[in-house]
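Student: Next comes the sequence, and after it the predicted model I'd like to discuss.
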Amino acid sequence: MQATLTQTISFEGVGLHSGKPVRMDVHPAAARFGIWFKRTDVSDADNMVRAIYSAVGAKPLCSELTNDAGVGVSTVEHIMAALAGCGIHNALIELDGPEVPIMDGCSADFVRAIVEVGARKQAARLYAIEVLSPVMVEENGAMAMLTPAGGLEIDFHIEFPDAAIGRQHMALDMRNGTFVRELSDSRTFCRKADIDMMHDNGLALGGTYHNAVVVDGDDVLSPGGLRHADEAVRHKMLDALGDLALAGAPILGRYTGVRAGHAMTNKLLRKLFANPSAYRFVPCTPEQAARLPGVGVRKADLALVA
């Protein structure tokens, strides 16, 4: 069965790119509605933006959605990961600006609010996207691939020259609240030299040591250090879940990423849907539904979230 929130949840923060204040309200929505964003600050054009892979455009550092009227919403991956990881299939997300608030650089605030209000089951059958054959994209030494699996699995490899990150690998079956417990509190990360350069060029103006893990060689500069020794690869897996949620339905398959980012995951989804023999939409059996990321999430899991 599909699910939505039991009540509206609200957030206030700043946009990663602009550094300007933004308010976000996530409302329950009817069955089969899907996930949509609404720009409440836009009145002279279509202000509804669907959360779907085909609406993703080129934007550094994040996933940005744009509708046919040119109205966009950026940095959607963390809220999309939270909704998928908590089993929410239908929601209307209202924003009074062009960016989802970055909060502390992860999905933890969103997850806490969703789990606290809970999900409401809806009288609509849940369909999933079953991967039938391998699909892969490669570019500049990076790779992303989907292969058949009974549920959603994520396997990620990263390698950075800074010793504070280095080479990291993690693989997880996303069932039974794994996202909430293992990934939701892992923050975005960057090198100090990169963030200095972006600020100098008017980019990532909302990025600070308090909403990202900033590293410089061997050192972690963000207050409090790391939440996990392998927080960087965990955040890449968080991003991957959020980007995969833009498929429009839960995925039954194994995602493997090697130094992959937002753009590559989007290219992977586009390649998957361009090949009708590589996937099919299936009504979830109870066994399949039990393996989806949002099933098994409990309030007790919040005790493990930083």
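Tutor: The structure has been received and is ready for your questions.

Student: Mind jotting down where the helices sit in the stretch 151-300 of the chain?
Tutor: 178, 192-200, 231-244, 262-273, 286-289 (DSSP state H, counting those that start in this stretch).

Student: right, and the ones you listed - which one's nearest residue 3?
Tutor: helix 286-289 (10.5 Å; C-beta to C-beta). Glycine gets a C-beta too; all of them are placed from N, C-alpha and C.

Student: pLDDT score for residue 223?
Tutor: Here, the pLDDT recorded for residue 223 equals 84.

Student: Tell me, how many residues neighbour it?
Tutor: Other residues within reach of residue 223, judged by other C-beta atoms under 10 Å, total 7.

Student: Now it, what are its backbone angles?
Tutor: Note on residue 223: its backbone torsions stand at phi -60, psi 140 [degrees, to the nearest 10].

Student: State the number of residues packed around residue 234.
Tutor: 23.

Student: Put together CSV for the helices of the stretch 151-300 of the chain, with mean pLDDT and distance to residue 138 on each row.
Tutor: As requested, the helices of the stretch 151-300 of the chain are exported to CSV (pLDDT from 0 to 100; distance: least, C-beta to C-beta, whole Å):
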stretch, mean pLDDT, distance to residue 138
helix 178, 93, 27
helix 192-200, 70, 24
helix 231-244, 97, 16
helix 262-273, 97, 9
helix 286-289, 89, 30
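
Student: quick one, strands of the stretch 51-200 of the chain?
Tutor: Listed in chain order, the strands of the stretch 51-200 of the chain (DSSP state E, counting those that start in this stretch) span 56-57, 64-66, 72-74, 91-95, 119-121, 127-131, 135-139, 142-147, 152-159, 167-173, 189-191.

Student: rank the ones you listed by mean pLDDT and give me the bottom one.
Tutor: strand 189-191 (a mean of 81).

Student: related to what we said a few turns ago, which among the helices of the stretch 151-300 of the chain is found nearest to residue 80?
Tutor: helix 231-244 (4.0 Å).

Student: so how far is that closest one off the chain centroid?
Tutor: 7 Å (C-alpha atoms, centre = their mean, to the nearest Å).

Student: Tell me which of the strands of the stretch 51-200 of the chain sits nearest to residue 302.
Tutor: strand 119-121 (14.4 Å).

Student: The closest one - contacts with which helices or strands?
Tutor: Applying 3 or more C-beta pairs under 8 Å, 6 or more residues apart in numbering; DSSP states H and E, one finds that strand 119-121 contacts strand 3-5.

Student: can you list contacts of the strand it packs on?
Tutor: 26-31, 33, 87-91, 114, 117-122, 294 (C-beta atoms under 8 Å, 6 or more residues apart in numbering).

Student: what's the following helix or strand after it?
Tutor: strand 9-14 (DSSP states H and E).

Student: contact partners of that following strand?
Tutor: Strand 9-14 has contacts (C-beta under 8 Å, 6+ apart) with 20-26, 101-103, 109-110, 113-114, 117, 206.

Student: Pick the one among those closest to residue 171.
Tutor: residue 110 (24.0 Å).

Student: For the closest one, give its distance to residue 249.
Tutor: Look at residue 110 and residue 249: by C-beta to C-beta, to the nearest Å, they are 20 Å apart.

Student: The two: which is more packed in?
Tutor: Using other C-beta under 10 Å, the more surrounded residue of residue 110 and residue 249 is residue 110, with 25 against 17.

Student: for the more buried one, what are its contacts?
Tutor: 11, 26, 78, 79, 82, 83, 103.

Student: Confirm for me that residue 144 is in contact with residue 262.
Tutor: No - assessed by C-beta atoms under 8 Å, residue 144 is found out of contact with residue 262, at 10.4 Å.
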